[in-house]
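Engineer: Can you look at this prediction? I've put the sequence above it.
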Amino acid sequence: MKINRLLSNQWLSVSTALALILSNLGLADPLNYPSVVDLAQYRGTPIFEVMRTVIKPQLDRKAVEGFYVADGRTAVRALDQVDDKVARSALKGLGVEGLGRLADSLNRRGRPITFYDLPEAIAATPGFRGDRYDLTTYLSLVSGGGVAVKIADDVYAYNVNYGTGQRDKDEMTGRSFGAAGQYHKAFDASDAAYLRALEKIARPRVPDNGREIMAFTRTILEVITKSDATGFNYLSPEGKAVASDFLAVYMAEQDRHLMVNLRTHHWDSALLEVTLLAAFHAGQERLAMVFEHEQDRYIFTDRVVDQIGRRRTPADLTLRPAGLVDYWQFSTNPENPNRSGINITRGAFSRLERKITEYVRRTRPGMVENIERIVQRRGNPNVFDAVSDYLINFNTQQNVARNADALVAAYMEFLNQVRVDAPAITRELQQTRF
């Protein structure tokens, strides 16, 4: 979508066009949300605590009280503030004029609606065509039907359609969109899309000696430990885009984790740990990983098959080069074959994390001990798990805030050494049985 195409549309007034131009200049929240949480106001507070005490309560209110669907002009104007994939989903079967008419019809109801009820209201609208659920997501997004988190000057995470955790399967609800200026419009990155983008900055076509991935890693750790996003100033546009997607997905998984009081659904820790393993993969000559070759049988390999949980024919067994995307898999459980996610590969990436921890503890024990001293988990065989458990914990948040700088420094030293030692660690793992 281009601005000039939208400006010529009948749904846009002069004032609307001016607002769009201003938002393109980065002078305003591009989607003009009524509920914006500015992380700068919470600097020094761990992101988990901000999620628990600020963002989730606001999302819960939206789930219960609902929101007013935007009018047609607003819905059409917003097409230029979202990723093309998001725009295409909204326009499918309707076109621009049809989308505007649908939004106007719902807006004329004059009363708020919850995301639970919006799909049926869309389907009941005369002349409706398209996918009611895709349109529910889009209309919620562009109607301020959730909470926007301002991460940096032009970096936002938009969170919509999250349940409170009081209804069955609420933890499966919600979509979060990362946005980073006009070079990365609001996009609800899937696990696979995020991991592919992460690999591009971890293993760029032109080697950069780990510069971008280590700057990215420090930036997200500073946001997680103390809601400090100043590191975004030092990232390339590509790095900012990937970091915005990470934080959007991380907030989504934290909200779902909080819905079940942290008892299950450890999807946020899985995302964080795999993201930090990118430092190791950045240093490898050829990307290799621990992979579940068969049920409960793991190998260290640089050649994998597509989606082990969905193999159907001999052709599906064709080997290809491993990538970070292979940390995302479909379930091998025949009772739930459509479930997918990064947490499904925890058995594999946890084994890799333990071997990396063991290697650094043996060769540079002080680096592991520095982290253990902070997180108060001495002798843990997996330092990645120890840190994520420390960060995502009701009982540690004051300690996280107090020790944020020390933890980031110690963890960055550890991860950078892992990147440098990756070839030696890889050679050792090639001789290891899992």
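Structural biologist: Nice, thanks for sending it over. Numbers count the residues shown, from 1 in each chain.
Engineer: hang on, residue 88 in a helix?
Structural biologist: Yes: counting by DSSP: H, G, I helix; E, B strand; the rest coil, residue 88 is part of a helix.
Engineer: pLDDT below threshold where in the stretch 151-300 of the chain?
Structural biologist: Judged against pLDDT under 70, the low-scoring parts of the stretch 151-300 of the chain cover residues 295-296.
Engineer: quick one, helices of it?
Structural biologist: 191-202, 211-226, 237-259, 267-283 (DSSP state H, counting those that start in this stretch).
Engineer: for the nearest residue to residue 119 once chain neighbours are set aside, what are its contacts?
Structural biologist: Nearest in space to residue 119, with sequence neighbours left out and distances taken as Cβ to Cβ, 6 or more residues apart in numbering, is residue 132 at 4.3 Å. Glycine gets a C-beta too; all of them are placed from N, C-alpha and C. Contacts here follow Cβ atoms under 8 Å, 6 or more residues apart in numbering; on that basis residue 132 touches 119, 120, 122, 123.
Engineer: the inter-axis angle of the strand or helix carrying residue 346 versus helix 267-283?
Structural biologist: When secondary structure is defined by DSSP states H and E, residue 346 falls within helix 346-363. In this structure, helix 346-363 runs at an angle of 50 degrees to helix 267-283, with axes from the mean of the first three to the mean of the last three Cα atoms, to 10 degrees as the basis.
Engineer: Pull out the buried positions in helix 346-363.
Structural biologist: When neighbours are counted by 16 or more other Cβ atoms under 10 Å, the buried residues of helix 346-363 are found to be 346, 348-361.
Engineer: Likewise for stretch 106-123?
Structural biologist: When burial is assessed from 16+ other Cβ under 10 Å, stretch 106-123 yields the following buried residues: 106, 107, 113, 114, 115, 116, 118, 119, 121, 122.
Engineer: what's near enough to touch the fourth one?
Structural biologist: For residue 114, the contacting residues are 63, 64, 65, 66, 67, taking Cβ under 8 Å, 6+ apart as the criterion.
Engineer: And the residue nearest to residue 119, how close does it get to residue 65?
Structural biologist: For residue 132, the distance to residue 65 (Cβ to Cβ, to the nearest Å) stands at 22 Å.
Engineer: for the stretch 1-150 of the chain, what spans make up the helices?
Structural biologist: So, for the stretch 1-150 of the chain - with DSSP H, counting those that start in this stretch - the helices run 3-7, 14-24, 47-50, 56-65, 72-77, 84-91, 95-107, 118-123, 132-142.
Engineer: domains for the chain, by residue range?
Structural biologist: Under the assignment automatic domain parsing, the domains of the chain span 3-200, 201-434.
Engineer: number of nearby residues for residue 266?
Structural biologist: 20 (other Cβ atoms under 10 Å).
Engineer: Can you give me the neighbour number for the residue nearest to it when sequence neighbours are not counted?
Structural biologist: Excluding the flanking residues, the one nearest residue 266 by Cβ to Cβ, 6+ apart is residue 343, at 6.3 Å. Residue neighbour count, defined by other Cβ under 10 Å, stands at 23 for residue 343.
Engineer: swap in residue 263?
Structural biologist: Each residue near residue 263 was counted by other Cβ under 10 Å, and the total is 8.
Engineer: mind checking how far it is from residue 257?
Structural biologist: 9 Å.
Engineer: ok, residue 78 touching residue 144?
Structural biologist: No: assessed by Cβ atoms under 8 Å, residue 78 is found out of contact with residue 144, at 10.3 Å.
Engineer: Compare these two (neighbour count), which wins?
Structural biologist: With other Cβ under 10 Å as the criterion, residue 78 and residue 144 differ in neighbour count, and residue 78 comes out ahead with 29 against 22.
Engineer: contacting residues for that one?
Structural biologist: By Cβ under 8 Å, 6+ apart, residue 78 lies in contact with 31, 70, 141, 142.
Engineer: Same check on residue 423?
Structural biologist: Counting by Cβ under 8 Å, 6+ apart, residue 423 makes contact with 283, 284, 285.
Engineer: Surely it is within a strand?
Structural biologist: No: judged by three-state DSSP, residue 423 forms no part of a strand; its state is helix.
Engineer: Distance of it relative to residue 281?
Structural biologist: From residue 423 over to residue 281 (counting by Cβ to Cβ), the distance is 12 Å.
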